[in-house]
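Chemist: when you get a sec, could you give me coordinates for this:
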Amino acid sequence: MLTKFVFLQLNLQKKVTHVIVIGGVDYRLQGEIEEKTVSKPKQHCVTKTSAVKKLKFFLRNLMDLNLDNSTLNFHWSDKEVYWASFSHKSKQETSEHLFYKGFLNGRGARQGNRCLVRVKKDDCGEKTYWRRHFRIIDLMHQITDLFNKSVLNEDYLKVITPHLAQIDNVSSFNKICTWNGVKEFGREEFVVVEEYLDEMLDELIYDNDYSNLSALLEALSHFSFIAMREELLFCNFHGEIRNSKECYVTCSTVHSKKQEFQDWGDKGIAGITNFFTQHKCNKWCRKIWSSTDNKTIEELEKMNKYHC
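Modeler: Numbers count the residues shown, from 1 in each chain. Alright, predicted model coming up:
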């Protein structure tokens, strides 16, 4: 892809503004001009600031420009090894995370597929930071599996499993454009890579009678609250139906009574209350109660021993 670069210099009130236009987006570098009197009268010299030096560095390394960020290799499965490449500009953000669209590169059937890269927003996402994230994912797997067994009676809903990867190469734009809403990656930065879901398919009728995906996923949220003894609620599920027998889901929000999951958009009791204020129980919710047998109760007891 051919990228167009336009460089302008504007002199306004003793400030130098360098404008770099890349793909229709402009990145501005501003630097103060310091005036120093030299031996000859009425002559001045200009001391360039760090912003100008960054522009010089950018121009010197124009041929070696890295447009994308990339990770080191990580194992997707026993037979699949990938590394992810993604843009310098995030597509979506929450209070805790930035989300980037990227691609999988490497060895395996998913090579060339789109992926979603989750990044810690403000600070460096070290490996230890993501531990609780993966513990929540593990709990989500347990709840979904139990919902499949006790309510659906088949292994229909599958939770998308994320993968931890370390940053390798950093985009040149991330290095020089951090004030323009661009993430500045640390040396030991880790990110989470997962499959990219297309737009949620709300209404799709087919043989197994899951005619309304949104209603089914709301019932899963309701079930999660019951499974966690009304201490924790998984909500804002998104799903993608890939064939008549499987639906892959991911969850973006977790609310808890103690409000201890800020990186999941946790609004505490207010978030739980808001969900049930808008929620209308459907046939899948009603089936939760009719299918709760002794075996299910035993599994719920085991699950509640899990400590986040």
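Chemist: let's verify T273: helix, strand, or coil?
Modeler: helix (DSSP: H, G, I helix; E, B strand; the rest coil).
Chemist: any idea how far H279 is from it?
Modeler: For T273, the distance to H279 equals 11 Å [C-beta to C-beta, to the nearest Å]. C-beta here means a position set from N, CA and C on the backbone, and glycine is covered the same way.
Chemist: so what's L157 up against?
Modeler: 144, 147-148, 216, 220, 239, 247, 249 (C-beta atoms under 8 Å, 6 or more residues apart in numbering).
Chemist: isn't L146 right next to I226, touching?
Modeler: No: in this structure, L146 is not within contact of I226 by C-beta atoms under 8 Å, at 10.3 Å.
Chemist: more crowded one of those two?
Modeler: L146 (18 against 15; other C-beta atoms under 10 Å).
Chemist: can you say which helix or strand has that one in it?
Modeler: According to DSSP states H and E, L146 maps onto helix 131-147.
Chemist: equivalent analysis for R242, please.
Modeler: Per DSSP H and E: strand 232-243 holds R242.
Chemist: low-confidence ranges in the protein?
Modeler: 1-66, 174-182, 198-211, 290-308 (pLDDT under 70).
Chemist: kindly report the domain assignment for it.
Modeler: 5-64, 69-303 (automatic domain parsing).
Chemist: mind listing the strands for the stretch 201-308 of the chain?
Modeler: For the stretch 201-308 of the chain, strands defined by DSSP state E, counting those that start in this stretch occupy the ranges 232-243, 246-256.
Chemist: which among those is found nearest to F86?
Modeler: strand 246-256 (17.3 Å; C-beta to C-beta).
Chemist: contacts for that closest one, please.
Modeler: For strand 246-256, using C-beta under 8 Å, 6+ apart, the contacting residues are 94, 136, 140, 144, 156-160, 194-195, 197, 210, 213, 216-217, 220, 231-242, 261, 264-269, 271-272, 275.
Chemist: what subset of those residues is buried?
Modeler: 136, 140, 144, 156-160, 194-195, 197, 210, 213, 216-217, 220, 232-235, 237-241, 261, 264-267, 271-272, 275 (16 or more other C-beta atoms under 10 Å).
Chemist: could you point out which element follows the helix holding L146?
Modeler: strand 157-159.
Chemist: after that following strand, next one along is what?
Modeler: strand 163-166.
Chemist: does anything pack onto that following strand? Which helices or strands?
Modeler: Applying 3 or more C-beta pairs under 8 Å, 6 or more residues apart in numbering; DSSP states H and E, one finds that strand 163-166 makes contact with strand 74-75, strand 190-195.
Chemist: do that again at 10 Å, thanks
Modeler: strand 74-75, strand 81-86, helix 131-147, strand 190-195 (3 or more C-beta pairs under 10 Å, 6 or more residues apart in numbering; DSSP states H and E).
Chemist: quick check: neighbours of it in the sheet, parallel or antiparallel?
Modeler: strand 190-195 (antiparallel) (DSSP bridges).
Chemist: what's the angle from the strand it pairs with to strand 246-256?
Modeler: Counting by axes from the mean of the first three to the mean of the last three C-alpha atoms, to 10 degrees, strand 190-195 points 140 degrees away from the direction of strand 246-256.
Chemist: and the angle for strand 190-195 with helix 131-147?
Modeler: 30 degrees.
Chemist: please renumber so the chain begins at 52
Modeler: Sounds good: first residue 52 from here, last item strand 241-246.
Chemist: what's the burial count for I339?
Modeler: 19.
Chemist: let me fix that, I meant to ask about F137.
Modeler: The burial count for F137: 24, using other C-beta under 10 Å.
Chemist: what bridges to it?
Modeler: Going by DSSP bridges, F137 forms beta bridges with N120, G153.
Chemist: quick check, it in contact with D219.
Modeler: No: judged on C-beta atoms under 10 Å, F137 makes no contact with D219 at a distance of 11.7 Å.
Chemist: okay, and the common contacts of these two?
Modeler: Common neighbours of F137 and D219 (criterion: C-beta atoms under 10 Å, 6 or more residues apart in numbering): 120-122.
Chemist: mind listing what's buried along the helix holding L197?
Modeler: By 16+ other C-beta under 10 Å, the buried positions in helix 182-198 come out as 184, 187-188, 190-191, 193-198.
Chemist: who does that helix touch, helix- and strand-wise?
Modeler: Judged by 3+ C-beta pairs under 10 Å, 6+ apart, helix 182-198 is in contact with strand 208-210, strand 214-217, strand 241-246, helix 264-278, strand 283-294, strand 297-307, helix 345-354.
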